[in-house]
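1. Fold the following and give me the result.
(one chain, ligands or ions: 1)
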Amino acid sequence: MVERKGIAQYLSSFFDPCFELGDDGIPEFKMFIGGQWVRSSGGTQVVDSPHDGSVVARVQNGTLDDVEKAMQWVSGEGKKIRDIPAIDRILIFQKARDLLKEHKEEIARALVLEGGKTIRSARGEVDATAQRLMLTMEEARKIYGEYIPGDWAEDTVGKMGLAIREPEGVVAAISPFNYPLYIASAKVIPALLSGNSVVAKPASDTPVSLLLFARVLQEAGIPAGSLNVLTGPGGKLGDAIVSDERVNMVTFTGSTEVGIHVNNVMGLKKRHLELGGKGIAIVLKDADLDLAARKIVEGNLSNAGQRCDAIATVLVEKEVAGQLIAKIIDNEKKWTLGNPMDTGTDMGPLINEGAAKRVESLVQDAVQKGAKLVLGGHRNGCYFEPTVLIDVPLDARIVNEETFGPVLVVITVKDVNEALEIAKKPKYGLDSCVFTNNFYSMWRVAKSLDVGEVTINDNPKHGVGYFPFGGKKLSGLGREGIGYSIDEMTHLKTIVFSLEPAGLGKRRVFQG
Ligand code: NAP
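-> All right, here's what the predicted structure looks like:
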């Protein structure tokens, strides 16, 4: 009997249908097409741990033939999901929530091994996914549509309208590596709930958790073909999926560069794009500096800074800059860097060495241009230390490009006007925050920033998406969240009834 290694060592027999054990004990996961776990003719690709580089799984290296098979299911048999009564769809999700909770620890450990996030953060991600499943009842309220009396306009007197919400049809869901379970589920759950069939592709760095989630949904009773999960390189499969004419809507979360490409190749389709970010924290001189420092550091270092809503830049008024920087450094030093599987670890590695080297080059560029490195700055493999740069010149790449790593840039400004001017510069417009105790300053900053969300006296967090989130500028199009994703994944069909044949049509009395 082969000893189970990598992700397999943590999985119970519930997940047996998803994989086979290789001779070396590493699990080889299959793809989920038409309700079956299947192999690809394209061979496999390796999933390794950013912590130590060890192979933790293999997944199918999907081919264009696999895309075609998935397309036939998703646009054929899989569409039957819309005929299932909504209450039964909800019950499927409630069952899925119970199964997810039952298998929480297994999935959390898979998340740690494939993505290097800490075990605490991984457990939080499974909990958030379970909450999302629990909130489907709330979400379903968005699917009702509306009744529109016709007699408020001259040419519709004697008529009434119903605007009913219908599923888009086939939804392609492409997700990034950083929250591979939660972000994928935040697409798959509302899409299926509103009656769409789905073809999903996870990121190649972290494909396993979505496959495990598909197994949960399979057992919970989703119909065959309504959810199909393909693994393989985005450049090859992604283009084929999003440009397929059978796909009616694309929901994509990932980098701005790939998002723009996807936008260009998909053709005339509904789209929802959640792209890169450059979170800014503005700290005014009347702020509670202890609170600001603690929240800024948490907003910068959580998930090793690999969050679209991470705080990357602090713009602080000069009167309090020295005090704030000292408090930020004190807080950063409390974060322990290490093996993400240890419960005491606060921050693990970046997703791969290329990502860590990119962050290193952003720091080096800033230092070469005159920034002062006051904490960290070192890389060891995929690990990058919590890092603080001050006096950063505005032409440094790190001021304008997405960092996606544990580096905080602090820029001192003379007043709120200068802060707002600098905050306009990046091409991104996702999340930002302001720390102040003055109501008028809060309101002014909140109204002035050209972003999708402004948080006051805390760091931005999308959480379970109870509040809508999404970007402006090159951070994307559309809004994700409980109910809001449903709006994106459905369309209004208007049905107009003439009431005259029933003798109910109102007649004009005013001739003016
Ligand atoms: P990425 O490199 O853009 O990849 C995202 C997804 O797109 C992956 O599944 C990738 O597959 C796939 N892909 C690659 N090329 C494709 C193509 N030609 N057509 C279709 N799909 C393609 O992003 P990432 O590095 O995984 O994630 C980090 C980025 O996501 C950051 O920029 C972050 O800000 C952003 N993000 C945004 C939000 C938000 O809510 N706005 C949330 C989380 C993350 P492969 O992995 O196989 O290449």
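
2. what helix or strand does the residue most central in space within the chain sit in?
-> Central residue of the chain (Cα atoms, centre = their mean): I183, 3.9 Å from the mean position. Assigned by DSSP states H and E, I183 belongs to helix 182-193.

3. ok, now I495?
-> Counting by DSSP H and E, the secondary-structure element that holds I495 is strand 490-498.

4. and if you look at W37?
-> Here W37 is assigned to strand 36-38, by DSSP H and E.

5. just to revisit the earlier point, now do the helix holding I183: distance to the chain's middle.
-> Helix 182-193 has its C-alpha centroid displaced from the chain centroid by 10 Å (Cα atoms, centre = their mean, to the nearest Å).

6. ok, now stretch 155-164?
-> 39 Å.

7. if we look at it, which residues are touching it?
-> 145-151, 492-500, 505-508 (Cβ atoms under 8 Å, 6 or more residues apart in numbering). For glycine as for every other residue, the C-beta is placed from the backbone atoms N, C-alpha and C.

8. Please check those residues and keep the buried ones.
-> Those of those that meet the buried threshold are G145, G150, L499, by 16 or more other Cβ atoms under 10 Å.

9. Distance to A240 and pLDDT added to these, as CSV?
-> Shown next, in CSV, are the buried ones among the contacts of stretch 155-164 (distance: Cβ to Cβ, whole Å; pLDDT from 0 to 100):
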residue, distance to A240, pLDDT
G145, 34, 90
G150, 45, 94
L499, 49, 92
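
10. which ones among the residues you listed come in contact with the ligand?
-> With Cβ under 6 Å from any ligand atom as the criterion, those include none near the ligand.

11. Tell me the one of these nearest L217?
-> Using Cβ to Cβ, the shortest approach to L217 within these belongs to G145, at 26.3 Å.

12. which strands and helices sit next to the one helix or strand in the chain whose mean pLDDT sits lowest?
-> Of all the helices and strands that make up the chain, helix 136-140 has the lowest average by mean pLDDT, DSSP states H and E, namely a mean of 84. The contact analysis (3 or more Cβ pairs under 8 Å, 6 or more residues apart in numbering; DSSP states H and E) places helix 136-140 against helix 86-102, helix 182-193, helix 484-489.

13. Just want the residue of the stretch 301-450 of the chain that's nearest the ligand.
-> C308 (3.3 Å; Cβ to the nearest ligand atom).

14. So that residue, which state does it fall into?
-> coil (DSSP: H, G, I helix; E, B strand; the rest coil).

15. please renumber so the chain begins at 33
-> OK, 33 is where the count begins now, so the last one is C340.

16. Run through the chain and note the low-pLDDT ranges.
-> 544 (pLDDT under 70).

17. for the ligand, what are the nearby residues on it?
-> So the chain meets the ligand at 206-210, 215, 233-236, 265-267, 270-271, 274, 285-287, 290, 293-294, 306-309, 340, 434, 436, 462, 503, 507-508 (Cβ under 6 Å from any ligand atom).

18. same thing but 5 Å
-> Contacts of the chain with the ligand, taken as Cβ under 5 Å from any ligand atom, map to 206, 208-209, 235-236, 265-267, 270-271, 285-287, 290, 294, 306, 308, 340.

19. among the residues you listed, which are in strands?
-> Among those, DSSP state E puts I206, T285, E306 in strands.

20. Tell me the one among those residues nearest to the ligand.
-> E306 (3.4 Å).

21. Show me what the closest one bridges to in the sheet.
-> The partner list for E306 in beta bridges (DSSP bridges) reads T285, G508.

22. related to what we said a few turns ago, skipping adjacent residues, who's closest to the residue of the stretch 333-482 of the chain closest to the ligand in space?
-> G309 (4.2 Å; Cβ to Cβ, 6 or more residues apart in numbering).

23. what residues are up against that neighbour?
-> Counted by Cβ under 8 Å, 6+ apart, G309 has contacts C340, D341, A342, E434, Y460, L462, D463, G503, S507.

24. burial of the second one, as a residue count?
-> With neighbours defined by other Cβ atoms under 10 Å, the count for D341 comes to 22.

25. Just read off the phi/psi values of it.
-> When read as degrees, to the nearest 10, the backbone of D341 gives phi -100, psi 20.

26. Lovely, talk soon.
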